[in-house]
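Novice: Provide a 3D model corresponding to the input given below.
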Amino acid sequence: MSHEGPLNRQINRWGFWSVVIFAVTTVISLFLPLDVGDGYAASHADRVIWLEENRDVFIAGWVNQIISMFSLSAAFAAAAWVAGGNNVLSGVLGAFFVAMATMAFVIPKFIAVWTIPMLASAAATGAAGSDMANSLLPLLNVSIPFSLYTSFDYLGFWLYAVFALLIAGPLYGETLNSKIASISLGVFGVVYHLCLLMLFSGAMEPIDVGTYFIGSSLLLFFHLLAMAFVFKGVGFGQPDSQAVNP
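Specialist: Residues are numbered from 1 along each chain as shown. Down below sits the predicted model:
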């Protein structure tokens, strides 16, 4: 007895609801600050004061980011499954890079929830370990693009970009939704790597890193919107529909 049909349906539902959860958490993130205002230029003292005064909303904001990241990775993993219906190797490799990206994202986001609030508290009160806290907090600055913290975040997005290049082709099908999902994902993968080349060649200033890299990631919203319809049962046509239909 084959379980391919039920498994496909389950993964499609999983992918669809992952997109929905990501959309909800993205809206919520608009109301939860993730750092002191003008975080790039804020002084260490201002950041410590802000973190101590806004501990609860800071933690809530980053917990929301963790949920958002897991839902995005789940949607990408489901997309890799769909792509695997047309190219198994691309689907498997795509899922592997999504898993690697998820691990890269979990590390800094857990640090934001667990470590940064305690460091800020120690630095603000002069408690035991305050000297170490004052040294570590700048390294874990969530706004400066060359901090240790943000390096993990951009590593995660780079792994997403590799995933995008791997499955963009196999995702391309006969329906409009599949074309939008494929093209937007592929463009994201290309643009992100072009941004990396600009950064490595010195053509991009650190203050502009967020604008370029986060701006390129906005292409993922088009991909996710199109994939939501694919997950709901708008197939790719033959032979692609075998990847999404029972």
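
Novice: where's the residue most central in space within the chain, which helix or strand?
Specialist: What sits nearest the mean C-alpha location of the chain, by Cα atoms, centre = their mean, is Met69, with 5.0 Å. Element membership for Met69 (DSSP states H and E) is helix 55-84.

Novice: which secondary structure element contains the residue nearest to Leu140 when sequence neighbours are not counted?
Specialist: Take Leu140 and drop its neighbours on the chain: the residue closest to it by Cβ to Cβ, 6 or more residues apart in numbering is Tyr149, 4.5 Å away. All C-beta atoms are positioned from the backbone trio N, CA, C, and that covers glycine. When elements are assigned from DSSP H and E, Tyr149 belongs to helix 148-171.

Novice: ok now that helix, how far from the chain's centre?
Specialist: Chain-centre distance of helix 148-171: 8 Å, with Cα atoms, centre = their mean, to the nearest Å.

Novice: buried set for the next helix or strand after that helix?
Specialist: Scanning forward in sequence from helix 148-171 by DSSP H and E, the next helix or strand is helix 176-200. By 16 or more other Cβ atoms under 10 Å, the buried positions in helix 176-200 come out as 177-178, 180-193, 195-196, 199.

Novice: helices and strands around the helix holding Met69, which ones?
Specialist: In this structure, helix 55-84 makes packing contacts with helix 4-29, helix 88-125, helix 148-171, helix 219-231, judged by 3 or more Cβ pairs under 8 Å, 6 or more residues apart in numbering; DSSP states H and E.

Novice: who wins for proximity to Pro206 among the ones you listed?
Specialist: For those, proximity to Pro206 was assessed by Cβ to Cβ; helix 148-171 is nearest, at 10.3 Å.

Novice: what residues sit buried inside the closest one?
Specialist: Using 16+ other Cβ under 10 Å as the test for burial, helix 148-171 gives 149-150, 152-168, 170-171.

Novice: kindly report the same for stretch 98-107.
Specialist: So, applying 16+ other Cβ under 10 Å, buried residues of stretch 98-107: Val98, Ala99, Met100, Ala101, Thr102, Ala104, Phe105, Val106.

Novice: hey, C-alpha coordinates of stretch 185-205 in PDB?
Specialist: Provided in PDB are the C-alpha atoms of stretch 185-205 (Å, rounded to 0.1, in the frame of the first residue of the first chain):
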ATOM      1  CA  LEU A 185      13.100  32.400  -5.300                       C
ATOM      2  CA  GLY A 186      15.700  32.200  -8.000                       C
ATOM      3  CA  VAL A 187      16.100  36.000  -8.200                       C
ATOM      4  CA  PHE A 188      16.500  36.100  -4.400                       C
ATOM      5  CA  GLY A 189      19.300  33.500  -4.600                       C
ATOM      6  CA  VAL A 190      21.100  35.500  -7.400                       C
ATOM      7  CA  VAL A 191      20.600  38.900  -5.800                       C
ATOM      8  CA  TYR A 192      21.800  37.700  -2.400                       C
ATOM      9  CA  HIS A 193      25.000  36.300  -3.900                       C
ATOM     10  CA  LEU A 194      25.600  39.500  -5.800                       C
ATOM     11  CA  CYS A 195      25.300  41.500  -2.600                       C
ATOM     12  CA  LEU A 196      27.900  39.200  -1.100                       C
ATOM     13  CA  LEU A 197      30.200  39.900  -4.000                       C
ATOM     14  CA  MET A 198      29.700  43.600  -3.400                       C
ATOM     15  CA  LEU A 199      30.400  43.300   0.300                       C
ATOM     16  CA  PHE A 200      33.500  41.200  -0.200                       C
ATOM     17  CA  SER A 201      34.900  43.500  -2.900                       C
ATOM     18  CA  GLY A 202      34.400  46.600  -0.700                       C
ATOM     19  CA  ALA A 203      31.700  48.100  -2.900                       C
ATOM     20  CA  MET A 204      29.200  48.100   0.000                       C
ATOM     21  CA  GLU A 205      29.500  50.100   3.200                       C
END
